[in-house]
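Engineer: Give me the fold of what follows.
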Amino acid sequence: MNIAFFSNSNEVFESIPGEAYKLWDIFLVSPNTSSPYLERIKDPALIIIDTYSLGMDFLHLIFNNRQQWPCPVLVLDHYTEKLFIENIIAKGANGYLLVHSFEEELLEAIEHLLRGGEYVSTLLEAYKGNAYLLK
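Structural biologist: Just a heads-up that it's a prediction; the model follows:
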């Protein structure tokens, strides 16, 4: 299974657990909105978008190309506000992962999304002081 990971952060690339590479073919793409290299992405099972490094405009670019990739989308960012996360999910993302818990939760999030579910970081409570779990 191919997983396309869009990010401009070397730190994020380096923090992908080694086990993830044993389970899936993860290829890393460092695009920008003027040259996103979208044509290189062929039939991914999942798209991960690091909006923390790429910005929300890139997420909108992916949403606008959903017919090309009808796979789940996992968003990675640092926001803990419930309304912001709900908005991302409502616009088409299937999951949201805190950049702070990326390494800890990535495998679980990928597995959940590939099974057809939605995933919202379980550590939002630790960073926000309240629980927000998508049901």
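
Engineer: which residues does residue 117 contact?
Structural biologist: Residue 117 makes contact with residue 94, according to CB atoms under 8 Å, 6 or more residues apart in numbering. Every C-beta, even on glycine, is put in place using the N, C-alpha and C of the backbone.

Engineer: And it, its phi and psi?
Structural biologist: Recorded main-chain torsions at residue 117 are phi -90, psi -180, according to degrees, to the nearest 10.

Engineer: Residue 118 too?
Structural biologist: Phi and psi for residue 118, reported as degrees, to the nearest 10, are phi -110, psi 160.

Engineer: Show the pLDDT at it.
Structural biologist: For residue 118, the model assigns a pLDDT of 93.

Engineer: All the strands of the protein, residue numbers only.
Structural biologist: Ranges of strands in the chain, per DSSP state E, are 2-6, 25-29, 46-50, 73-77, 95-98, 119-120.

Engineer: do you know how far residue 23 is from residue 113?
Structural biologist: As judged by CB to CB, to the nearest Å, residue 23 and residue 113 stand 13 Å apart.

Engineer: This completes my enquiry, with thanks.
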